[in-house]
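> Next input, structure requested:
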Amino acid sequence: MTFKLLEARRAPSDLIGRASLIGAASWLVETVGMVLMAVLSLLVLANATGRYFFNTPLPWTEEVVSILLVWIAAVGVVLAAGRGALVGCEIVTGRLPPQQARTLTRAISFVSALLMLAVAWYSWRYMQVFGRDVTPMLDIPKSWISGGLLAASLGMAAAFLYRTVVPHKLVLIEDIAEEIADHPAHEVKL
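Here you go, the predicted structure:
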């Protein structure tokens with residue numbers, strides 16, 4: 001039995017030429033993710049240092065860290081969707097001829113985009129009702145938290161629409177095994 005896998009490709013931010021808009025958007029999302037991770041790490045470190053060495057924790061960091069975690073997850077899932085790296089089941093498409101597999105993949109991507117737009121709509125509605133509530137410590141609107149879900153669903157919808165137009169290139173496991181066998185691990189380019 002032969003299973004097909006998504007080709008591991010370079011990040012869209014590494015692309016040049018006609019995909020420069022996609023590359024720029026990917027670079028921006030990657031940069032936002034790195035900045036959010038750095039801020040989260042510094043806050044956790046500062047709070048732990050204050051708590052264990054000076055016996056004065058920073059109680060407000062818990063609220064900020066929870067907001068950052070939602071946004072980091074949103075950034076990560078959008079990047080994964082854009083790169084075709086989300087967990088997927090290729091049991092059906094692996095058994096189809098390549099043209100039919102691409103057609104089915106495009107259809108699934110389109111339906112997924114519609115689903116993500118529906119999630120975005122309900123996230124927006126949720127923010128309209130509960131977004132003005134504030135966190136207890138810093139009085140930050142809770143819409144900053146639910147906004148992460150809205151951003152993730154809109155970003156994923158855009159990524160799925162992109163994948164509808166530019167489907168994944170499928171490769172055989174045997175092709176990957178040959179590439180690994182022919183080159184040392186540090187030279188393999190999938």
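> mind checking how far the spatially most central residue of the chain is from Leu104?
Closest to where the C-alpha atoms of the chain average out (Cα atoms, centre = their mean) is Val77, at 2.0 Å. According to Cβ to Cβ, to the nearest Å, Val77 and Leu104 sit 22 Å apart. Heads up, the C-betas are built off the backbone N, CA and C, glycines and all.
> just checking, Gly50 touches Val44?
No. Gly50 sits out of contact with Val44 when judged by Cβ atoms under 8 Å, with a separation of 10.9 Å.
> Which stretches in the protein count as strands?
4-6, 170-172 (DSSP state E).
> Confidence-wise, which of the ones you listed is weakest overall?
In terms of mean pLDDT, the lowest-scoring of these is strand 4-6 (a mean of 38).
> Just the helices from this protein, written as ranges.
With helices called from DSSP state H, the chain shows them at 20-53, 61-83, 98-130, 143-165, 173-182.
> Tell me the buried residues in the first one?
For helix 20-53, the buried set under the neighbour-count rule, 16 or more other Cβ atoms under 10 Å, comprises Ile22, Gly23, Ala25, Ser26, Val29, Val32, Gly33, Leu36, Leu40, Leu43, Asn47.
> any chance of those residues in CSV, with distance to Leu154 and pLDDT too?
Shown next, in CSV, are those (distance: Cβ to Cβ, whole Å; pLDDT from 0 to 100):
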residue, distance to Leu154, pLDDT
Ile22, 16, 75
Gly23, 19, 78
Ala25, 12, 82
Ser26, 15, 82
Val29, 12, 88
Val32, 14, 93
Gly33, 16, 92
Leu36, 17, 95
Leu40, 22, 95
Leu43, 26, 94
Asn47, 31, 92
